[in-house]
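Engineer: Dropping the sequence and predicted coords here.
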Amino acid sequence: MTIAALSDLRSARRLVIKVGSALLVERGAPRAQWLATLATEIAELRTHSEVIVVSSGAIALGAAKLGLTRGGRGSLADAQAAASVGQVGLARLWSDALGNHDITAAQMLVTLGDLEDRRRYLNASATLARLLEAGAVPVVNENDSVATEEIRFGDNDRLAARVAQAAGAEAVLLLSDVDGLYDRDPHEDGAVLVERVEGVTPEVIAMASGASSSGLGSGGMLAKLQAARIAERAGIALAILNGTRTSPISRALDSGTGTLFVPQSDASARKAWLGGRLAPAGVVTVDQGCMTALENGASVLAAGITAIEGTFARGDLVAIHGPGGERLGQGLVEYTSAECSAILGLREEQQSEKLGYAPRAAVIHRDHMVHA
């Protein structure tokens, strides 16, 4: 189906609903009545759609239980401890709320690596599919009890987009504490709600504020735009809706209030997965000629590379930057970082002397690359 307006979201065959900490937890206690109304909406949606929930709140709940300051985010150790305790309560909340509608909730904790590694990504995809087939509602959260600052999603907005991709969902609903994306800080006079976005461009990103107004969560509007970029590349619609009100989904869709990001492509499953990956191992910087060639569908050749950053192995994900530092895309590299450093700027006939063997067709082949 084509999702061109907020009202179309009700007809999605499979959708992901993301719930943030500030919506689910207030002063360390669950917003039980609000959650009950959302569970009712989920039950109604399930009469024609399969639903996956991505839920924050474990750290906020656990911090209150343990008496930790700063909502459990004072240190990595505090966050991990709070998540360990809070995840038990979070699972119980969802199990009880959905159970009131005879719906089985299934807890699923993932790390960044589970969706960055291709084999583990496919395993997660298969688990989600089987849970939905069995009639359960998967409730997904980042496994903050083991995640580190360096290797984590850091916000559930991008996690929701990646889960939607893994599950083959048609839409993502990000429940937020604002009506959607505004053309400037929504607290400023004259700020206008952007109802529809056709592609997350630099101009759209410039509208965003990186701060989370609640102080509880780790996301913000910038994270939501990054999630929208992941979704749109995979052919998935994404909407930002105000979740603070009772029955938030119905209110937003009935009034047409929110921001809809329209899918921009329907890339192959592998290309979509590659474009959604978040943790490149290094950076390959190219010259103007190579950048122009990339715009016309070429591969990255050693002759066009001017600099290498990071330590990576063959097959690792690397970011591709232009001569001005602009991000052009990312892809799977065919050489180690040491080999790349040895042959950067060299033409094919010069590379074999440096490498000691015949060079490969490209440093990053166009078939294993996605553009920003």
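Structural biologist: That came in fine, so what should we check first? Numbering: from 1, shown residues only.
Engineer: elements contacting the helix or strand hosting residue 36?
Structural biologist: Assigned by DSSP states H and E, residue 36 belongs to helix 32-45. For helix 32-45, the packing partners by 3 or more CB pairs under 8 Å, 6 or more residues apart in numbering; DSSP states H and E come out as strand 14-19, helix 21-24, strand 50-55, helix 76-99, helix 248-255. (Glycine included, C-beta is placed from N, CA and C.)
Engineer: mind giving me JSON lines with these and columns for distance to residue 186?
Structural biologist: Below are these laid out as JSON lines (distance: least, CB to CB, whole Å):
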{"stretch": "strand 14-19", "distance to residue 186": "19"}
{"stretch": "helix 21-24", "distance to residue 186": "15"}
{"stretch": "strand 50-55", "distance to residue 186": "24"}
{"stretch": "helix 76-99", "distance to residue 186": "28"}
{"stretch": "helix 248-255", "distance to residue 186": "16"}
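Engineer: between the ones you listed, which gets nearest to residue 5?
Structural biologist: When the helices and strands packed on helix 32-45 are compared by CB to CB, helix 248-255 sits nearest residue 5, at 9.6 Å.
Engineer: Can you name every helix or strand that that closest one contacts?
Structural biologist: Counting contacts by 3+ CB pairs under 8 Å, 6+ apart, helix 248-255 packs against helix 32-45, strand 171-176, strand 237-242.
Engineer: In the helix holding residue 36, which residues are buried?
Structural biologist: Judged by neighbour count (16 or more other CB atoms under 10 Å), helix 32-45 contains these buried residues: 34, 35, 37, 38, 39, 41, 42, 43, 45.
Engineer: Spatially, what comes nearest to the first one if we skip its sequence neighbours?
Structural biologist: What it means is residue 34. In space, not counting the residues next to it along the chain, residue 34 is nearest to residue 246; the distance is 6.5 Å by CB to CB, 6 or more residues apart in numbering.
Engineer: Could you give the number of residues near residue 275?
Structural biologist: By other CB atoms under 10 Å, 22 other residues sit near residue 275.
Engineer: Likewise for residue 184?
Structural biologist: By the criterion of other CB under 10 Å, residue 184 has 14 neighbours.
Engineer: returning to that earlier point: please produce a markdown table containing the helices and strands packed on helix 248-255, extended by distance to residue 2 and mean pLDDT.
Structural biologist: As requested, the helices and strands packed on helix 248-255 are exported to a markdown table (distance: least, CB to CB, whole Å; pLDDT from 0 to 100):
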| stretch | distance to residue 2 | mean pLDDT |
| --- | --- | --- |
| helix 32-45 | 19 | 97 |
| strand 171-176 | 11 | 96 |
| strand 237-242 | 9 | 96 |
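Engineer: Using TSV, please lay out these together with distance to residue 118.
Structural biologist: Shown next, in TSV, are these (distance: least, CB to CB, whole Å):
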stretch	distance to residue 118
helix 32-45	31
strand 171-176	22
strand 237-242	23
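Engineer: so which of these gets nearest residue 304?
Structural biologist: Using CB to CB, these put strand 237-242 closest to residue 304, at 34.0 Å.
Engineer: circling back: among the helices and strands packed on helix 248-255, which is nearest residue 285?
Structural biologist: Set against residue 285 and scored by CB to CB, these come closest in strand 237-242, at 30.6 Å.
Engineer: CA atoms only: put the closest one into CSV for me.
Structural biologist: What follows is strand 237-242 as a C-alpha-only set of coordinates in CSV (Å, rounded to 0.1, in the frame of the first residue of the first chain):
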residue,chain,number,x,y,z
ALA,A,237,6.8,5.6,6.3
LEU,A,238,7.6,7.2,9.6
ALA,A,239,5.4,9.6,11.6
ILE,A,240,6.1,11.8,14.6
LEU,A,241,3.0,12.1,16.8
ASN,A,242,2.2,13.8,20.1
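Engineer: Let the chain start at 42 from now.
Structural biologist: With 42 as the first residue, the last one maps to strand 278-283.
Engineer: just checking, what packs against it?
Structural biologist: strand 212-217, helix 262-274, helix 289-296, strand 300-302.
Engineer: Residue 270: neighbouring residues, count only.
Structural biologist: Neighbourhood size, residue 270 [other CB under 10 Å]: 23.
Engineer: Find the nearest non-adjacent residue to it, please.
Structural biologist: Distances taken as CB to CB, 6+ apart place residue 241 nearest to residue 270, at 4.5 Å, with adjacent residues excluded.
Engineer: Assign the one you found to helix, strand or coil.
Structural biologist: Per DSSP: H, G, I helix; E, B strand; the rest coil, the secondary structure class of residue 241 is coil.
Engineer: any idea how far residue 341 is from it?
Structural biologist: 23 Å (CB to CB, to the nearest Å).
Engineer: Who has more neighbours out of the two?
Structural biologist: The neighbour comparison of residue 241 against residue 341 (other CB under 10 Å) goes to residue 341, with 27 against 23.
Engineer: what pairs with that one across the strands?
Structural biologist: Beta bridges link residue 341 to residue 405, judged by DSSP bridges.
Engineer: In a helix, residue 198, correct?
Structural biologist: Yes. Counting by three-state DSSP, residue 198 is found in a helix.
Engineer: got the contact list for it?
Structural biologist: For residue 198, the contact set (CB atoms under 8 Å, 6 or more residues apart in numbering) comprises 59, 215, 260, 264, 265, 267, 268.
Engineer: Identify the residues contacting the first one.
Structural biologist: Applying CB under 8 Å, 6+ apart, we find residue 59 in contact with 94, 95, 96, 97, 197, 198, 200, 201, 213, 214, 215, 216.
Engineer: returning to what we had before: need the helices and strands packed on helix 73-86 in a markdown table with mean pLDDT, can you?
Structural biologist: Shown next, in a markdown table, are the helices and strands packed on helix 73-86 (pLDDT from 0 to 100):
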| stretch | mean pLDDT |
| --- | --- |
| strand 55-60 | 97 |
| helix 62-65 | 93 |
| strand 91-96 | 97 |
| helix 117-140 | 94 |
| helix 289-296 | 95 |
